[in-house]
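Novice: the following block contains a protein sequence and its predicted model.
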Amino acid sequence: MPDVAFVNGTFMPLAEATVSIEDRGFQFGDGVYEVVRTYQGRPFALDAHLARLERSAAALDLMPSYSRLEWTGHILEGIRRAAYPEAKIYMQLTRGVAPREHTYPADVAPTVVMTVRELHPLDKSVQEAGVEAMTTEDIRWGRCDIKSVNLLANVFARQQAKQARAFEAILVKEGLVTEGAVSNVMVVQGGTVVTAPEGPRILSGVTRAVVLELARSGGLPVQERCISQAELYSADEVFLTGTTVEVLAVVRVDGRVIHDGRPGPITRRLAADFTGLVG
């Protein structure tokens, strides 16, 4: 089964896909993206992902190339062509091809890229045991709510985590937890689920919103407020949310054991609720 690419309206094998060296996404990181996964071959929360893609594009004054209905058609066709049991769909919109100047012409046509690859879910043993994380300084730009292709700070954070044999890098700015390099971060204190508020410091994840709704509908108190690094270490439970990690317990941070070093009851409950929702 092939990895599939879609470039400016045309499907092709991923190995054959190219974009111009003058593309502003390549030259300046002048673009936005989204990642969607499937469950039983169906894209999950697609409308929410497409809505966020639209918001990110609008924030950068990028022209939309397709309506949500058109995007949906292309995504479903890509999934059909790839024919993987489960797939990960990457969508990218850049300002397009133009001579390399910091300013950009008003009439430049956006470049649209999509790839469809096989998704390999986390092994159940990882979910059952939980993972280790490390903290690192959040050095990203000031508009983290835009899902920009400018990911160099995230790349360095993930590489630090890899070298430390940690699953995720938790970003900390001025002593406050923002999010993970590729996930949102939540803690449980006294039965309350706490996570950083929406705003320019975090990318508000689609899975984050789903999990918070599951918590609220299940009668769990939720607080969207800043979490200090000290609160992270002393939390009853810590977990990550994200498209590929779903709901994943963190049992150790910076070598410090979280509570008893096992996934906590609220994390397990929310993970089970999420599995029930998507299963």
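Specialist: Thanks, I have the structure now. Note that the coordinates shown come from a computational prediction; the quantities given were computed from them, not determined experimentally.
Novice: hey, where'd the strands end up in the stretch 1-150 of the chain?
Specialist: 4-7, 10-13, 31-39, 42-43, 87-94, 111-118, 131-137 (DSSP state E, counting those that start in this stretch).
Novice: out of these, which gets nearest to residue 242?
Specialist: strand 31-39 (9.2 Å; Cβ to Cβ). (Glycine included, C-beta is placed from N, CA and C.)
Novice: okay, the strands of the stretch 1-150 of the chain in TSV with mean pLDDT and mean neighbour count next?
Specialist: As requested, the strands of the stretch 1-150 of the chain are arranged in TSV below (pLDDT from 0 to 100; neighbours: other Cβ atoms under 10 Å):
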stretch	mean pLDDT	mean neighbour count
strand 4-7	98	21
strand 10-13	97	12
strand 31-39	98	21
strand 42-43	98	16
strand 87-94	98	22
strand 111-118	98	20
strand 131-137	98	20
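Novice: could you dump those into TSV and include distance to residue 196?
Specialist: Output for the strands of the stretch 1-150 of the chain, formatted as TSV (distance: least, Cβ to Cβ, whole Å):
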stretch	distance to residue 196
strand 4-7	34
strand 10-13	39
strand 31-39	20
strand 42-43	27
strand 87-94	25
strand 111-118	30
strand 131-137	14
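Novice: who's in contact with the residue nearest to residue 161 when sequence neighbours are not counted?
Specialist: Distance criterion Cβ to Cβ, 6 or more residues apart in numbering; nearest residue to residue 161, sequence neighbours excluded, is residue 169 at 4.1 Å. Taking Cβ atoms under 8 Å, 6 or more residues apart in numbering as the criterion, residue 169 is in contact with 133, 134, 135, 136, 157, 158, 160, 161, 180, 181.
Novice: try residue 209
Specialist: Applying Cβ under 8 Å, 6+ apart, one finds that residue 209 lies in contact with residue 48.
Novice: how close does it sit to residue 220?
Specialist: Counting by Cβ to Cβ, to the nearest Å, the gap from residue 209 to residue 220 is 15 Å.
Novice: for residue 41, same thing?
Specialist: 31 Å.
Novice: just to revisit the earlier point, quick one: closest of the strands of the stretch 1-150 of the chain to residue 203.
Specialist: Distance to residue 203, taken as Cβ to Cβ, is lowest for strand 31-39 among those, at 10.7 Å.
Novice: how about the residue of the chain most remote from its centre: what's its closest non-neighbour residue?
Specialist: Most distant from the centre of the chain: residue 99, at 31.1 Å, with distances by Cα atoms, centre = their mean. Closest residue to residue 99 apart from its sequence neighbours, by Cβ to Cβ, 6+ apart: residue 22 at 6.8 Å.
Novice: pretty sure that neighbour is in contact with residue 96, am I right?
Specialist: No. Look at residue 22 against residue 96 with Cβ atoms under 8 Å: they stay out of range, at 9.0 Å.
Novice: more neighbours, those two?
Specialist: Neighbours per residue, other Cβ atoms under 10 Å: of residue 22 and residue 96, the larger number sits with residue 96, 25 against 12.
Novice: hmm, residue 107 and that one touching each other?
Specialist: No. Residue 96 lies out of contact with residue 107 (Cβ under 8 Å); the separation is 9.6 Å.
Novice: and the pLDDT for residue 1?
Specialist: With respect to pLDDT, residue 1 scores 62.
Novice: now the residue farthest from the centre of the chain: phi and psi?
Specialist: phi -60, psi 150 (degrees, to the nearest 10).
Novice: how close does it get to residue 105?
Specialist: Residue 99 is 9 Å from residue 105, by Cβ to Cβ.
Novice: picking that back up, contacting residues for the residue nearest to residue 99?
Specialist: Residue 22 sits next to 97, 98, 99, 100 when contact means Cβ under 8 Å, 6+ apart.
Novice: switch to 10 Å and redo it
Specialist: Contacts for residue 22 (Cβ atoms under 10 Å, 6 or more residues apart in numbering) come out as 96, 97, 98, 99, 100.
Novice: again, but for residue 218
Specialist: By Cβ under 10 Å, 6+ apart, the neighbours of residue 218 are 193, 266, 269, 270, 273.
Novice: which of the residues you listed has the largest number of neighbours?
Specialist: Neighbour counts for those, by other Cβ under 10 Å, peak at residue 270, which reaches 27 neighbours.
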